[in-house]
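Peer 1: Sequence and predicted structure are below.
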Amino acid sequence: MARLKKDVTINDEAFDKAEDELNKLITRADQLKTDFKDLYDGFANALLCETGDELKITGEEVVLKPIENLGLVLKQVHDTLELIKGGGYYKDIFDDFENLQKGITP
């Protein structure tokens, strides 16, 4: 049987850094959404007519909704990272791998 030459390890610092960066991205996406919402509200208030209302609706559909969706994706990635870090996800995989390796190597 072939033996593995290298061990696989988890870099906890890299996971922590990724989590920090995701938190920053989530904050920036939320701020961007707020800034654009304020911008479109300002346009709508400046144009007190049907055009202002249409501009606000279009802004919400074309600009704000994709930013909101981006925020949802970032939060899902963050939640998945939290699950991996906190739930022993990789630890369990490596434990199973080690048991498997012990079973197939002399």
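Peer 2: That came through fine. Everything numeric in this text was worked out from a predicted model, so none of it was measured.
Peer 1: Pull out the buried positions in the host helix or strand of A44.
Peer 2: Assigned by DSSP states H and E, A44 falls within helix 12-46. Neighbour counts using 16 or more other Cβ atoms under 10 Å place A18, E19, L22, L25, I26, A29, K33, K37, Y40, A44 of helix 12-46 among the buried residues. Any C-beta I mention is one placed from the backbone N, CA and C, and that applies to glycine too.
Peer 1: which residues touch the nearest residue to the fifth one once chain neighbours are set aside?
Peer 2: In this structure, I26 finds its nearest non-sequential neighbour in L74, 4.9 Å apart by Cβ to Cβ, 6 or more residues apart in numbering. If you count contacts by Cβ atoms under 8 Å, 6 or more residues apart in numbering, L74 has them with L22, L25, I26, A29.
Peer 1: And the pLDDT for V8?
Peer 2: At V8, the pLDDT value in this model is 63.
Peer 1: rewinding a little: quick one, phi/psi of the residue nearest to I26?
Peer 2: phi -60, psi -40 (degrees, to the nearest 10).
Peer 1: Please name the spatially closest residue to F15 (chain neighbours excluded).
Peer 2: K85 (5.3 Å).
Peer 1: pLDDT at that neighbour, what is it?
Peer 2: Taking K85 on its own, its pLDDT is 77.
Peer 1: count of neighbours near it?
Peer 2: 16 (other Cβ atoms under 10 Å).
Peer 1: how near is it to K56?
Peer 2: 41 Å (Cβ to Cβ, to the nearest Å).
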